[in-house]
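Asks: following is a predicted model, sequence given first.
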Amino acid sequence: MNRKYSLRKNKEIEQLVRYRISVGNKYYAIYYHVYNGEPQIAFSVSKKNGNAVERNYQKRVVKEILRPVIKDLYGYKLLVVVKPLSKELSFDDKKNNILYLISKIRKEIV
């Protein structure tokens, strides 16, 4: 995923959580906010998800899943929270869960 889509400022991430607009399941939670501009995405993986290697792997997988749909997310700020149970899923299951949550976000706005 291109770096220009990264949401890096801690203040902006805190605002996303403070807005409390989210969708989720037992594997992922996505906090979002609608604004005008390029999509901005941040990732959060808890230390309960294993060591740093496993957490970075989880982030890489989610980034790879979001890469093809990034253009459809124009006007959104997202915080993707990866929960510990997601380690048990296969790549296809992870992809289906995340894309389902993204479609839920888009339906709520439209």
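Replies: Perfect, thanks for sending it. Residues are numbered from 1 along each chain as shown.
Asks: residue 24 contacts residue 80, correct?
Replies: No - in terms of C-beta atoms under 8 Å, residue 24 does not count as a neighbour of residue 80; the distance is 9.9 Å. All C-beta atoms are positioned from the backbone trio N, CA, C, and that covers glycine.
Asks: between those two, who's got more neighbours?
Replies: Set side by side, residue 24 and residue 80 show more neighbours around residue 80, with 24 against 15, by other C-beta atoms under 10 Å.
Asks: next, show the common contact partners of residue 24 and residue 80.
Replies: By the contact definition C-beta atoms under 8 Å, 6 or more residues apart in numbering, residue 24 and residue 80 are jointly contacted by residue 30.
Asks: middle-most residue in the chain, spatially?
Replies: If you average the C-alpha coordinates of the chain and look for the closest C-alpha using C-alpha atoms, centre = their mean, you land on residue 80, 2.4 Å from that point.
Asks: that one contacts residue 39, correct?
Replies: No - counting by C-beta under 8 Å, residue 80 does not reach residue 39; the two are 11.8 Å apart.
Asks: helices and strands around the top helix by length along the chain, which ones?
Replies: Taking DSSP state H as the criterion, the chain has its longest helix at helix 91-109. Packed against helix 91-109, as judged by 3 or more C-beta pairs under 8 Å, 6 or more residues apart in numbering; DSSP states H and E, are the following elements: strand 22-24, strand 28-34, helix 52-66.
Asks: mind showing which ranges of this protein have poor pLDDT?
Replies: The chain contains residues with pLDDT under 70 at 109-110.
Asks: try 80
Replies: Along the chain, the model assigns pLDDT under 80 to residues 1-2, 108-110.
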